[in-house]
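Peer 1: Sequence isn't available, so here's the structure alone:
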């Protein structure tokens, strides 16, 4: 059976919910493909309109600009990540193993989605690694944040912080550590693939490097 997991995305991000129409759903799927292929800087609504056989005007009915569209995609991803963390930890009681599961989720690619109804999570994961900081490293971040559009990311950080505190209740900075784990895992995956001399990876084929590094980093801090 083919299906797509759905999340309630903050309505302040869009003008019209893309989940409300087949065109909107196609728009998000093709946006993920194009942003992965071209990079966010080269991605435009004009190019997206060609891919979905529609017009730029139709895209602007859903999103004010491409920054808001990227924010929508990332909100979906952060919601999905929190869902995965909750699901994977549900029956795990060992506190160290719970942290290892989180690190594994943060440092490994997702399998490529094949369902026609599903977003390509493998490409989406790569977009998050390369492009996610572009939604909050902007001058208007304080104004944007007033609409609580970063809540899924904050919720994920809060969930990870809870697991950190379960492992070591004396550690003073669980939320800061959780955001550091997420961002560092992105940086190390990106650098390992593109600028390996900024890391200690011995071979680009070493898909476990970031996982090993993050685990070592995390438990040296907490133990």
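Peer 2: Looks like it arrived, so ask away. Note that the structure is a prediction, hence the values are computed from the model and not measured.

Peer 1: For the longest helix along the chain, name the packing helices and strands.
Peer 2: Longest helix in the chain, counting residues (DSSP state H): helix 66-89. Applying 3 or more CB pairs under 8 Å, 6 or more residues apart in numbering; DSSP states H and E, one finds that helix 66-89 contacts helix 22-38, helix 95-107, helix 121-131, helix 151-167. Every residue, glycine included, has its C-beta placed from N, CA and C.

Peer 1: So which of these is nearest residue 16?
Peer 2: Closest approach to residue 16 among the helices and strands packed on helix 66-89 (CB to CB): helix 22-38, 7.0 Å.

Peer 1: buried ones in the lowest-mean-pLDDT helix or strand in the chain?
Peer 2: The weakest-scoring helix or strand in the chain, judged by mean pLDDT, DSSP states H and E, is helix 141-145 (a mean of 91). For helix 141-145, burial by neighbour count (16 or more other CB atoms under 10 Å) applies to residue 144.

Peer 1: again, but for stretch 75-92
Peer 2: Within stretch 75-92, the residues that qualify as buried are 75, 76, 77, 78, 79, 80, 81, 82, 84, 85, 89, counting by 16+ other CB under 10 Å.

Peer 1: what is the rounded mean pLDDT of the helix or strand containing residue 193?
Peer 2: Using DSSP states H and E, residue 193 maps to helix 174-194. Across helix 174-194, the average pLDDT comes to 96.

Peer 1: Redo the helices and strands packed on helix 66-89 as TSV? Include distance to residue 5.
Peer 2: As requested, those are exported to TSV (distance: least, CB to CB, whole Å):
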stretch	distance to residue 5
helix 22-38	13
helix 95-107	15
helix 121-131	10
helix 151-167	13
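
Peer 1: could those helices be laid out in a markdown table, adding distance to residue 13, mean pLDDT and mean neighbour count?
Peer 2: Compiled in a markdown table, those are given as follows (distance: least, CB to CB, whole Å; pLDDT from 0 to 100; neighbours: other CB atoms under 10 Å):
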| stretch | distance to residue 13 | mean pLDDT | mean neighbour count |
| --- | --- | --- | --- |
| helix 22-38 | 12 | 95 | 18 |
| helix 95-107 | 24 | 97 | 18 |
| helix 121-131 | 16 | 94 | 19 |
| helix 151-167 | 11 | 97 | 18 |
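
Peer 1: Tell me which of these lies nearest to residue 12.
Peer 2: That would be helix 151-167 among the helices and strands packed on helix 66-89, by CB to CB, at 10.5 Å.

Peer 1: Hey, what's the angle from that closest one to helix 174-194? Just curious.
Peer 2: Angle of helix 151-167 versus helix 174-194, following axes from the mean of the first three to the mean of the last three CA atoms, to 10 degrees, is 110 degrees.
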